[in-house]
Structure formats: C-alpha cells, structure tokens
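S.K.: give me the fold of what follows.
(chains A and B)
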Amino acid sequence: MKVGVLAIQGDFEAHRRRMEQLGAAVVEVRKPEQLDEIDALIIPGGESTTFLKVLGEHGFEKLKQFVLTRPTFGTCAGAIMLANRVENPSQPGLGALNVTIRRNAYGRQVDSFIGKGSAVADLECGGGPLEMVFIRAPKFEHLGSNVEVLARQGDDPVLIRQGKVMASTFHPELSDDTRVHAAFLKMVRNGNK
Amino acid sequence: MSENNGSNGLRLKVGLAEMLKGGVIMDVTTAEQAEIAERAGAAAVMALERVPAQIRAEGGVARMASTKKIREIQAATSIPVMAKCRIGHFAEAQILQELKVDYIDESEVLTPADELHHVDKHAFTVPFVCGARNLGEALRRIAEGAAMIRTKGEAGTGDVVHAVKHMRQIVSEMRALTVMSEEELFASAKNHQAPYELIRMVAKTGKLPVPNFSAGGIATPADASLMMQLGAEAIFVGSGIFMNSSSEFAPPEDAYKRARAIVLATTHYKDPKVLLEVSEDVPSSMKGLAVSGLQEKEMLQTRGW
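M.R.: The predicted structure follows:
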C-alpha cells in the first residue's frame, strides 16, 4: 500500500515524515499520472491557488477522479481543494466534500494561532484534546448532512469526514500528536470507512 | 493570545515558512503585478516601491514601500504579502506589523538604517526573513528571531552566481559541522561568530533550524531548478520577472509567461523534461548585469553584519 503526498508546493515534507513515522510507504506526487500508482493521497498545506495553477485543467480533472473515489486527506489548503464551494475569493473545488470553505477566514499571519480543540467523534486512536496549529486558516461553513464532524475548536468544525475523505483546517502535521494521521491511515488500511 | 508567545510564537512563524516551501515568492510593485503573480502560481508576493534592479540603477535612499502601495497589493491578492524594512529599522517593521503584512524581509536591498544592529525580531508577532551569505550570518539572524533565511545572492542583477556561491557556502559549512567533535563545535561557534546552541543544533541535523530559501539573481526556470537542486527549499524572484532591464518593464504577457515557467520549474526542479518544456515557453529573459563586473561598494550583499 502506498500513500501519495501531493508535492506541488507547501509542507508536503512534514506529511511525508509523519506518514513514514507511522509505517506507511510514501510517494511524492508531482505529476497527474503518478496518481495511478498510489492507494491514498494527502493534499498538504500551502497555497491552494498555486496548486490549481500548477495542476492545470488536465491535472485538476485527474485529481478530481482520484479524490471522488479514493481515500484522501487534506489539511488547510488541501481542505480548500477538496471542498465543493470555495469563497473569499471564489475558486474551483474538487467537490469531494459537501461543504463551503472560506479562505483566510481568521485573517492574516498575525492572526494565526495555536489552540486546543476537542475530538467530537471517536478518532479510533484515543481521545483527549488535540493541539491545533492554524496558519492563515480557512473555515468550514455550511456542512452538508452527509459530513461528519470529527473535531471542533470552540464552536467551529475543524476536522471533518465524508466517506473516504478527511479534511482539517488546522495542521496536524505540525504537531507532535500523531492521532489524526493515524486515523486516516487506519481508514486507508481498512479499505473503507 | 498568551499561548502564542515564546516557542509557540516561533512555531507559527516557521509554520508559514513551511507552507511556502517548494514555491516562488515574487517581487511586485503594483496591484496589477500582484494579480499576474498570483495568476501565474506564486506562493507569495513581496510588495516593493521599486524592484532591486531599479534601486541599483536609480540610486538614492531605498526605504520601506509606501503604506498605500502595500495596502493596494494586499487588496489585490489572496496569497501572503511580504514587505521589506531597512536593516535595523524597527520602526518600519512596527508599521509593517500594524499593516498586517504576512512576513517582513529585513533586507540588504534597502539602504541600511543601522550600521551595527539588526532588528530584535523576537519582539514581533509577524515573522521575519533575513538574508545570509554564510552559516554564521544565518545563525546570527536566527538568534535575533528570523523564522526564515534566504541566501542573499546579488539582488537586481539577474546573475545567479552569488546565489549559488552563498547556498554552496552555507550547505558545505553545515555539512562540515555534522562530523565535528564536541571540542571542534565550540571552536566552530567562535569561528562562525554564532551562538553555540545553534551550532550544535545544525551539527545534529545538518540543516538550519528554520527553512532556507534562495534569492538574489534568479532570472530563469533553469536558475530556479539549479537553486532547488543545490538545497534551496523555495525561491525568491525579484527583478527577473517584471523587468527587461534596470529601467524597462517587460510586457505583462511576457512577465506572466516567465513567472509561470519559474513556478513550474520550482515544482518540477528534478525533472529535466519539464524544465525543457517550460523553458521553451519563455519569450525572453532580463538582460542582467554580470556580478563579476561590480565593484565591492556597488554590492548590496555586503550590507548586514
């Protein structure tokens, strides 16, 4: 089983290190055809506009086919990519998550923060509060009925799942806690949710 | 937000630098250029009054960009906006923080405001990037609170030679530390004029404790790939995108093609096939100025201490 990390731009190395720490074989994915060689994908933090421009139309369609059928986890910019509606400003989404997401919803870098949040649902790898690193983070708005909230920070849903797709507006790859990635990996290994 | 002082504050600062890795940060002087940069796939823009090639040609005192210009650029783009302050000019930095720029570059490209001291960057919530030519300089800036280092190169020339020189210097000095004994590390701290704790950290990991980007003379997709292959984690491009020479702007469509090609070359830096493809899309490059023809006093890289 191979987990791909989209390596167009962003903190893909942090995800790679985390997945390797958890015992997964990791491939850095820079070209659309590499999606055929992997079983699951992580879309990292970074700039979603850069991801879109580098992917181009062909890459976007190929990525869309992947995320609509295979386990995928997106953090921050990755979550923006996976949404079906993006605001502030509006841009194309892959449509794997039935949510609206608002870019830079907390403000600029000086408004970035490290908070604590609670796992609402069982992450299947132990409970307790999660450290959450928010960097120029987006917010989920208008969640569809088929979207499950796995964790909140205050009242805001910050970690969600729909079928085989997970997304967080914070960066679990920048904390020492491995539970969020472990939950994704468990879902991948089970072949389904 | 008391939680975000101290080590958490530094984690947030370095965190944004992590998000910029593998990307291209482009110098822009207008809202229109910022839009072109974002459309071409820039990971961030640097808001400036004049690009380094213009500063070099026109002379005079180069200061922080006007707040009006920075606001216009912030309004024009959804990606991070950086801005430069003069070396040691903490009041310019305070104004930039009030403006909520996403990163401050305490830059040798502007005319230094202090001949001895750099800004105490720990005193700020906004993160700083600083230039360096060697490991000692990089670690001194990190000790002062820089959350990102970039090689200085020689800005505004379109000549990559000193970006290469400084990257090779830093990488080779780091590699040397990894095989040193304890006694040698103490002596090394003295030789590099850098804090012993940071020297030890580099000796252990072989890397800087903050991301290491490249700047100063990068003008083509091949230049970007070269710097990434030499160990840069992201690329700053200054005059090379929007200028044809130190006084002539490139047509917007040419600038867009250059910018896009450099973005693609940075993602696919290890893939010569893609590098060829994207190089063929570039209509022209900046004329440039050979660094070997510059007098020492004409160099921007010697500013900073």
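
S.K.: host element of the closest residue to residue B:132 other than its chain neighbours?
M.R.: Sequence neighbours aside, residue B:138 is the residue nearest to residue B:132 in space, at 3.8 Å (criterion: Cβ to Cβ, 6 or more residues apart in numbering or on different chains). For every residue, glycine as well, the C-beta is placed using N, CA and C. Assigning secondary structure by DSSP states H and E places residue B:138 in helix B:135-143.

S.K.: for that helix, packing partners?
M.R.: Helix B:135-143 sits against strand B:128-132, strand B:148-151, helix B:161-178, helix B:182-192, helix B:196-205, with contacts defined as 3 or more Cβ pairs under 8 Å, 6 or more residues apart in numbering or on different chains; DSSP states H and E.

S.K.: could you pull out the helices for the chain?
M.R.: You didn't say which chain, so I picked chain A. A:12-21, A:48-67, A:77-82, A:179-189 (DSSP state H).

S.K.: hm, I was asking about chain B
M.R.: In chain B, the segments counted as helices under DSSP H are B:6-20, B:31-40, B:52-58, B:67-76, B:90-98, B:135-143, B:161-178, B:182-192, B:196-205, B:221-229, B:239-242, B:252-267, B:272-280.

S.K.: which one of those is the most hemmed in?
M.R.: Neighbour counts (mean count of other Cβ atoms under 10 Å in any protein chain shown) averaged over each of the helices of chain B peak at helix B:239-242, with a mean of 29.

S.K.: and it, what does it pack onto?
M.R.: Other helices and strands packing on helix B:239-242, by 3+ Cβ pairs under 8 Å, 6+ apart, are strand B:24-28, helix B:52-58, helix B:252-267.

S.K.: which outside residues touch the first one?
M.R.: Among residues not part of strand B:24-28, those counted as contacts by Cβ atoms under 8 Å, 6 or more residues apart in numbering or on different chains are B:33-34, B:36-37, B:40-48, B:51-52, B:73, B:82, B:213, B:224, B:234-239, B:241-242, B:259, B:262-263, B:266.

S.K.: switch the cut-off to 7 Å
M.R.: Strand B:24-28 is contacted by residues B:34, B:37, B:42-48, B:51, B:73, B:82, B:234-239, B:241, B:259, B:262-263, B:266 when judged by Cβ atoms under 7 Å, 6 or more residues apart in numbering or on different chains.

S.K.: over to the second one?
M.R.: Residues outside helix B:52-58 that contact it (Cβ under 7 Å, 6+ apart): B:62, B:109, B:155-156, B:238-239, B:243, B:246-247.

S.K.: ok, so of these, who is nearest chain A?
M.R.: Nearest to chain A, judged by Cβ to the nearest Cβ, of these is residue B:238 at 18.7 Å.

S.K.: spit out the contact partners of the closest one.
M.R.: B:27, B:51-52, B:155-156.

S.K.: over to residue A:184?
M.R.: A:73, A:166.

S.K.: what's the pLDDT at it?
M.R.: You'll see residue A:184 listed with a pLDDT of 95.

S.K.: again with residue A:22
M.R.: Predicted confidence (pLDDT) for residue A:22: 96.

S.K.: separation between it and residue B:29?
M.R.: 46 Å (Cβ to Cβ, to the nearest Å).

S.K.: so which of those two has more stuff around it?
M.R.: residue B:29 (20 against 15; other Cβ atoms under 10 Å in any protein chain shown).
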